[in-house]
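S.K.: Next input, structure requested:
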Amino acid sequence: MPTRTGRNLVLNINSRDTVIFERLACTSLFTQSTMDHLENFAKTGLRTLCIAWTEVDPAFYNKWVGNFYKASTALNDREAKLESVANEIEQVS
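M.R.: Numbers count the residues shown, from 1 in each chain. Got it, this is the predicted structure:
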């Protein structure tokens, strides 16, 4: 869920590297070196957790939270609907 930092809404997500990197705008100078480090960690048997954040427009969030409420109270296909709205906000950049 987004949190307020001053006047901005910030969405924080954490997950496996593949999940995070699917959602990133890969314009960072550090993308390849980060992937290399993650690969080296994996080769040595280490597990990793990636964290990303982005600012969320309050108008978008207000609409999204309504969709989230509908999904969380759905009687049919609740899990699929929750996954859909989670993907919707995680694609925000």
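S.K.: shaky segments in this protein?
M.R.: Per-residue confidence for the chain (pLDDT under 70) gives these ranges: 1-7, 25-27, 93.
S.K.: just the helices in it please.
M.R.: Along the chain, counting by DSSP state H, helices occupy 17-23, 31-43, 58-72, 78-90.
S.K.: helices and strands around the longest one, which ones?
M.R.: When you say that, I think you mean helix 58-72. helix 78-90 (3 or more C-beta pairs under 8 Å, 6 or more residues apart in numbering; DSSP states H and E). All C-beta atoms are positioned from the backbone trio N, CA, C, and that covers glycine.
S.K.: list the buried ones in the helix it packs on?
M.R.: By neighbour count on 16 or more other C-beta atoms under 10 Å, the buried set for helix 78-90 is 81, 85, 89, 90.
S.K.: do stretch 28-45 as well
M.R.: Residues of stretch 28-45 classed as buried by neighbour count (16+ other C-beta under 10 Å): 34, 38.
S.K.: ok now that stretch, how far from the chain's centre?
M.R.: 19 Å (C-alpha atoms, centre = their mean, to the nearest Å).
S.K.: Give me the contact list for it.
M.R.: For stretch 28-45, contacts defined as C-beta atoms under 8 Å, 6 or more residues apart in numbering pick out 17, 21, 24, 48, 50.
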